[in-house]
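K.L.:
Sequence isn't available, so here's the structure alone:
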């Protein structure tokens, strides 16, 4: 798919100073804190980090999926020229599916157990493309064949519980792609799958993304997955993006202690009888964020006189590359700890 030149130069997604907090009677959880990033058309951005770092909350904020009763969202979100924060609920309903679609982590809870796979795909097509049910059913069959579901015609009549985990995830991808969205959000879509099926789904997503020219934001905590699918990587910690850049730069030459710690925590390249060099401590309580760098209590490079006094501002290391660390320039000179250099080089070229 060829993208017009004038469109290719503008970001498909522009997020500026996005913050999300959840307010209850007892406390306020600051889940996302001043996140900014761009995604170009045809580009894959991977957001990586530990559980609770704000990855999934960021994704759901892009589609305004939170109840306004306890959630406060601020900042600017633009997707394909739509101001997501300003559009009405009716307009947002039209944007969901046709402009932005989402593949959730567990398809068994995302798919309706009382409807067949074919009915669920066709319903989305009828809603957004205003065609007949017969036309939608034919398109649903084409979509199942597109995502490589075997015996697609028979699977159209199956219910979610009658399919394996891998086939359910493919069906979920078919639902998400049913209206040819410009942006696909994938929230850890391979976590619940075994290793063989995980690789198949990843290769399928990358192939479809390239064929359809979509932008993709892919959430994962698996650095190997990021190495295989990403063009750019955003590392999140305590609701902030602490490192951002190309997949080659971030995974081969990490500049933030948290990224270095995650790379050291993988099994790739580790000696058989040596313990994995895990990051010490636990993630911070998001309702009690302290002054200074939130990673400082777990950081082996932290300086108390500096890192606990002020939050490090974003530092530009090169065009398109930023980090939030007072010692970033020094850390860049250290030998890289790589998740799998062959994976990164093979993908990044």
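P.N.:
Cool, the structure landed. Here the structure is a predicted model, which means the values were calculated and not measured. Numbers count the residues shown, from 1 in each chain.
K.L.:
where exactly do the helices run in the stretch 151-300 of the chain?
P.N.:
With helices called from DSSP state H, counting those that start in this stretch, the stretch 151-300 of the chain shows them at 152-155, 165-177, 195-212, 223-229, 247-252, 257-264.
K.L.:
And the ones you listed, which one averages the lowest pLDDT?
P.N.:
The minimum mean pLDDT among the helices of the stretch 151-300 of the chain belongs to helix 195-212 (a mean of 83).
K.L.:
Sketch out the low-pLDDT regions of the stretch 51-200 of the chain for me.
P.N.:
Within the stretch 51-200 of the chain, the segments meeting pLDDT under 70 span 192.
K.L.:
Surely residue 180 touches residue 211?
P.N.:
No. With contact defined as CB atoms under 8 Å, residue 180 does not count as touching residue 211 (10.8 Å). Quick note: C-beta positions are derived from backbone N, CA and C, even for glycine.
K.L.:
So between the two, which is more surrounded?
P.N.:
When neighbours are counted by other CB atoms under 10 Å, residue 180 and residue 211 differ, and residue 180 comes out ahead with 15 against 10.
K.L.:
Excluding covalently adjacent residues, which one is nearest to the more buried one?
P.N.:
Residue nearest to residue 180 in three dimensions, not counting chain neighbours: residue 212, with 6.4 Å by CB to CB, 6 or more residues apart in numbering.
K.L.:
Can you give me the neighbour number for the one you found?
P.N.:
Using other CB under 10 Å: residue 212 sits among 16 other residues.
K.L.:
ok, residue 225 touching residue 202?
P.N.:
Yes. At 6.4 Å, residue 225 and residue 202 qualify as touching, with contact defined as CB under 8 Å.
K.L.:
What segments of the chain are strands?
P.N.:
Assigned by DSSP state E, the chain shows strands spanning 13-23, 28-39, 44-48, 71-79, 82-83, 100-103, 183-187, 215-220, 232-237, 240-246, 315-318, 321-323.
K.L.:
List the residues that contact residue 204.
P.N.:
Contacts here follow CB atoms under 8 Å, 6 or more residues apart in numbering; on that basis residue 204 touches 147-148, 170, 173.
K.L.:
Now do it against residue 280, distance only.
P.N.:
Computed as CB to CB, to the nearest Å, the residue 204 to residue 280 distance reads 38 Å.
K.L.:
cool, and residue 315?
P.N.:
25 Å.
K.L.:
The two: which is more packed in?
P.N.:
Of the pair residue 315 and residue 280, residue 315 is the one with more neighbours under other CB under 10 Å, namely 15 against 10.
K.L.:
show me what contacts that one?
P.N.:
Residue 315 neighbours (CB under 8 Å, 6+ apart): 322-325, 328.
K.L.:
domains for the protein, by residue range?
P.N.:
Listed domain ranges for the chain are 5-221, 249-270+289-348 (source: automatic domain parsing).
K.L.:
can you list the ones you listed in JSON lines and add distance to residue 241?
P.N.:
Output for those, formatted as JSON lines (distance: least, CB to CB, whole Å):
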{"stretch": "domain 5-221", "distance to residue 241": "6"}
{"stretch": "domain 249-270+289-348", "distance to residue 241": "8"}
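K.L.:
Which of those sits closest to residue 230?
P.N.:
Closest approach to residue 230 among these (CB to CB): domain 5-221, 3.7 Å.
K.L.:
Just give me how far that closest one sits from the chain centre.
P.N.:
Offset of domain 5-221 from its chain centre (CA atoms, centre = their mean, to the nearest Å): 10 Å.
K.L.:
And stretch 256-266, by the same measure?
P.N.:
Put simply, stretch 256-266 sits 19 Å off its chain's centre (CA atoms, centre = their mean).
K.L.:
now swap in stretch 254-266 and tell me
P.N.:
Distance, stretch centre to chain centre, for stretch 254-266: 19 Å (CA atoms, centre = their mean).
K.L.:
So what touches it?
P.N.:
Outside stretch 254-266, the residues that reach it (CB under 8 Å, 6+ apart) are 48, 50, 223-224, 235, 237, 242-243, 250-251, 276-279, 295, 298-302, 317, 321, 323-325, 327-329, 331-332, 334, 336-339.
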